[in-house]
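1. No letters, just coordinates:
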Ligand SMILES: [Zn+2]
């Protein structure tokens, strides 16, 4: 692709700047530029498509270093590009754990070499995610982390958590917290409710999530600092976030596509591709989550892309690891469930993938403003199709959405002005 581009004919939606109209978008040397000033630009006609700021997935497990049988930085970012994401935040539960500058550097070097989209590393809050001792947060910040998280684990020691929140504020790093009281959730494999009783399986009480969300709201208030609740899934926790936000507390939350689309009734299939943590909840919780996306309580959609090998997942339900992949189905599922079912407008939906995550991270991303890096997601809002997991770029296949019939998907992904994925004739991937 030439160094100057003008995208023409597309419906441009940039929620951060309240733009929703057909207009030209210019790119020069990898950044957005005024199209009127580009004299030698290649013109690319995107009539019929929607052009949006590059989608950011704030919750992704790339598994490298350590668990490269399930995913690598290369395959994970290829999957991200195919799903319409231009940037992913990489969770620190790698092996070794990303609780030190050396591992962060390793991830950044590998991402620079093999990454297809931007990889934003997230550092651990506690050493080895053990929840016992704080990680060296200053060193992690210098090494380039964009946030802190113990995802997969949750710091149970409130005193330690309080110090982590205070330090994270000092270093201007948002906290992304997986909220789970370990004792309350102990031994559970699915949501505690009608279906866990019916199926005779150990349930995880929503109270395990609610208690930690309430704790985080208290610490966010006391420290006046940003805590982002990962994969919020139950009605009570959503209500806590809603009330805290009303009080001006710096708390935010994300919803996953699977909690938006599915409920615990699926567990009767005993398919481990429906096993994740937090678990699929009740229909009442699912409706509350959609309501929270509508009223702005939940500002982010994130996948919690968690690849596991076929060998690891092909075991009895009780023994299977938690987690499913999501990068290559998130946009399809959310366009279908939220936009086409009339819950969110397209600008509202796009905001959850752009402005929302950019605000949590406090980074200059998620908008098409001139001078910013030219990260673009192009959507085909009415394209119909069926998810075929055998065609995924991810190394793993643990998805509950194989065979899912969708309307709306990502059509092309552009990072720093360079097309990294495309299914559009007028635009070819480099
Ligand atoms: Zn988690």
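-> Arrived safely. This is a predicted model, so every value here is computed, not measured.
2. Name all residues that make contact with residue 388.
-> Residues in contact with residue 388 (Cβ atoms under 8 Å, 6 or more residues apart in numbering) are 402-403. Heads up, the C-betas are built off the backbone N, CA and C, glycines and all.
3. Which pLDDT value goes with residue 2?
-> We have a pLDDT of 55 for residue 2.
4. who touches the stretch of helix or strand residue 360 belongs to?
-> Assessed by DSSP states H and E, residue 360 sits inside helix 355-361. Outside helix 355-361, the residues that touch it by Cβ under 8 Å, 6+ apart are 15-16, 53, 56-58, 89, 120, 146-147, 174, 176, 226, 228, 252, 254, 299-302, 364-367.
5. Any idea which residue of the stretch 51-200 of the chain lies closest to the ion?
-> Here the stretch 51-200 of the chain gets closest to the ion at one residue, residue 178, 3.6 Å apart by Cβ to the ion.
6. tally of neighbours for the residue nearest to that residue when sequence neighbours are not counted?
-> In this structure, residue 178 finds its nearest non-sequential neighbour in residue 151, 4.6 Å apart by Cβ to Cβ, 6 or more residues apart in numbering. As a burial measure, residue 151 scores 23 neighbours (other Cβ atoms under 10 Å).
7. doesn't residue 175 make contact with residue 151?
-> No: between residue 151 and residue 175 there is no contact under Cβ atoms under 8 Å: 10.6 Å.
8. In three-state terms, label the residue nearest to residue 178 for me.
-> Three-state assignment for residue 151 (DSSP: H, G, I helix; E, B strand; the rest coil): coil.
9. Relative to residue 216, how far out is the residue of the stretch 51-200 of the chain closest to the ion?
-> The gap separating residue 178 from residue 216 is 11 Å, by Cβ to Cβ, to the nearest Å.
10. Could you do residue 428 as well?
-> Separation of residue 428 from residue 216 (Cβ to Cβ): 45 Å.
11. Which of these two has more residues huddled nearby?
-> residue 216 (25 against 10).
12. List the residue ranges of the stretch 1-150 of the chain that fall below the pLDDT cut-off.
-> Confidence mapping of the stretch 1-150 of the chain against pLDDT under 70 gives the ranges 1-2.
13. make it 50
-> Applying pLDDT under 50 to the stretch 1-150 of the chain picks out residues 1.
14. What ranges does the protein have for its helices?
-> Counting by DSSP state H, the chain has helices at residues 73-83, 101-114, 137-143, 158-170, 182-185, 194-199, 206-223, 235-246, 257-261, 283-295, 310-313, 330-334, 346-353, 355-361.
15. now the fourth one, how far from the centre of its chain.
-> Right, the one you point to is helix 158-170. Remark: helix 158-170 is offset 24 Å from the chain centroid, using Cα atoms, centre = their mean, to the nearest Å.
16. Could I get the buried residue list for it?
-> Of all the residues in helix 158-170, those buried under the rule 16 or more other Cβ atoms under 10 Å are 160-165, 167-169.
17. which among those residues are in contact with the ion?
-> When Cβ under 5 Å from the ion is applied, no member of the buried residues of helix 158-170 is adjacent to the ion.
18. a markdown table for those residues, including pLDDT?
-> What follows is those, written out as a markdown table (pLDDT from 0 to 100):
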| residue | pLDDT |
| --- | --- |
| 160 | 98 |
| 161 | 98 |
| 162 | 97 |
| 163 | 97 |
| 164 | 98 |
| 165 | 98 |
| 167 | 96 |
| 168 | 97 |
| 169 | 97 |
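19. For residue 392, which residues are in contact?
-> Neighbouring residues of residue 392 by Cβ under 8 Å, 6+ apart: 79, 82, 325, 328, 399.
20. For ChimeraX, write the select line for the buried members of those residues.
-> To isolate the buried subset of the contacts of residue 392 in ChimeraX, counting by 16+ other Cβ under 10 Å, use the following:
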select :79,82,325,328,399
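21. Next to the ion in this structure, residues from the chain, please.
-> Listed as neighbours of the ion in the chain under the rule Cβ under 5 Å from the ion: 151, 178.
22. so what's the most centrally placed residue in the chain up against?
-> Closest residue to the average C-alpha location of the chain: residue 302 at 2.4 Å, with Cα atoms, centre = their mean. By Cβ under 8 Å, 6+ apart, the contact list for residue 302 reads 57-60, 230-231, 254-256, 357.
23. Max pairwise distance over these: which two?
-> Largest separation among the contacts of residue 302 by Cβ to Cβ: 60 and 255, giving 15.2 Å.
24. of those two, who's got more company?
-> residue 60 (29 against 26).
25. what's the nearest residue to the more buried one if we skip its chain neighbours?
-> Residue 60 sits nearest to residue 88 (Cβ to Cβ, 6+ apart), 4.2 Å away.
26. Give me the number of neighbouring residues for that neighbour.
-> The number of residues packed around residue 88, counting by other Cβ under 10 Å, is 33.
27. That one contacts residue 117, doesn't it?
-> Yes: between residue 88 and residue 117 there is a contact under Cβ under 8 Å: 6.4 Å.
28. Tell me the residues that contact both of those two, please.
-> In contact with both residue 88 and residue 117: 77, 80, using Cβ under 8 Å, 6+ apart.
29. so where is the stretch 301-430 of the chain shaky, pLDDT-wise?
-> For the stretch 301-430 of the chain, no stretch is flagged by pLDDT under 50.
30. Do you have the strands of it handy? List them.
-> Remark: strands assigned in the stretch 301-430 of the chain by DSSP state E, counting those that start in this stretch are 376-386, 405-415, 418-422.
31. quick one: low-confidence parts of the stretch 151-300 of the chain?
-> The model of the stretch 151-300 of the chain has no residue with pLDDT under 50.
32. Between the two ends of stretch 398-417, how far is it?
-> Start-to-end span of stretch 398-417 (Cα to Cα, to the nearest Å) is 32 Å.
33. May I see the buried residues of it?
-> For stretch 398-417, burial by neighbour count (16+ other Cβ under 10 Å) applies to 398-401, 404, 406-417.
34. Same question for stretch 331-345.
-> With burial defined by 16+ other Cβ under 10 Å, the residues of stretch 331-345 counted as buried are 331-339, 343-344.
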